[in-house]
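Visitor: Need a 3D model of the sequence below.
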Amino acid sequence: MVKPIKQRVFAIRKVAKVMLPFYRKIASNRSFSLQWAKAVREADVAQMNQLLRSAIGAEPISSLASNGVGWFVDFPLPKPLLVITNGTTIRPGQVQFTFSAVINRAISQAVIPFYREIQCNPRYAALIVKAINTKNEALLNHLVRSTITSRRLVSVHIDFSGVFLGFKYPWSKFVYLNEIFRELVM
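Guide: Below you'll find the predicted structure:
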């Protein structure tokens, strides 16, 4: 049986591997980014799926969702973890049907080195998991900021069983969260 820590490292590395091409496409392709943001605002999951698939191919996902202010992709994992989620969103309850393509592109550009390091460096990924598991936000903050150098990264938090990266841009009053977290399914 695989130890839980190895399962969790596998999980975040899987997210990084699958989502890195998507973040690269958002960051480098303005038209794609505009289409994605429109689909998110309209909660057009069919269009989101088509766009996501153009970047990640046939990789298995458990679900894809939008709440009008953000997007979430769930990836299947072996038991006991079952699902890991990645997404970018504004906290629900602050606004409706607002999602900026410009900010999503900027966040995507900022997080590419973070996801690349998770994918390429198992030791770094294990340290991220260790920080999350021990709720060591100081360590997590240090690890994240060693790869994300954007001054728009305003917060690094542990919540649920994952990392929540807050980005604030001067042309928006909202903090956008880039998230990776495990969901425990009962």
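
Visitor: how about Thr89, phi and psi?
Guide: Taking degrees, to the nearest 10, you get phi -160, psi 160 for the backbone angles of Thr89.

Visitor: Count residues in the vicinity of it, would you?
Guide: By other C-beta atoms under 10 Å, 20 other residues sit near Thr89. C-beta here means a position set from N, CA and C on the backbone, and glycine is covered the same way.

Visitor: does it have beta-bridge partners, and which?
Guide: Gly70, Leu177 (DSSP bridges).

Visitor: List the contacts of Ala125.
Guide: 9, 12-13, 16, 118-119 (C-beta atoms under 8 Å, 6 or more residues apart in numbering).

Visitor: quick one, strands of this structure?
Guide: 63-66, 70-76, 83-90, 153-159, 162-168, 175-183 (DSSP state E).

Visitor: List the strands paired with the fourth one, with their directions.
Guide: The strands beside strand 153-159 in its sheet (DSSP bridges) come out as strand 162-168 (antiparallel).

Visitor: buried sites along the partner strand?
Guide: 162-167 (16 or more other C-beta atoms under 10 Å).

Visitor: likewise stretch 62-70?
Guide: Buried-residue list, stretch 62-70, by 16+ other C-beta under 10 Å: 64, 66-70.

Visitor: Take the strands of the chain and write them to a markdown table, including mean pLDDT and distance to Ile112.
Guide: Formatted as a markdown table, the strands of the chain follow (pLDDT from 0 to 100; distance: least, C-beta to C-beta, whole Å):
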| stretch | mean pLDDT | distance to Ile112 |
| --- | --- | --- |
| strand 63-66 | 96 | 21 |
| strand 70-76 | 95 | 16 |
| strand 83-90 | 93 | 13 |
| strand 153-159 | 95 | 13 |
| strand 162-168 | 96 | 13 |
| strand 175-183 | 90 | 11 |
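
Visitor: Compare the ones you listed and give me the one nearest Ser100.
Guide: With C-beta to C-beta, the closest approach to Ser100 among these belongs to strand 175-183: 7.8 Å.
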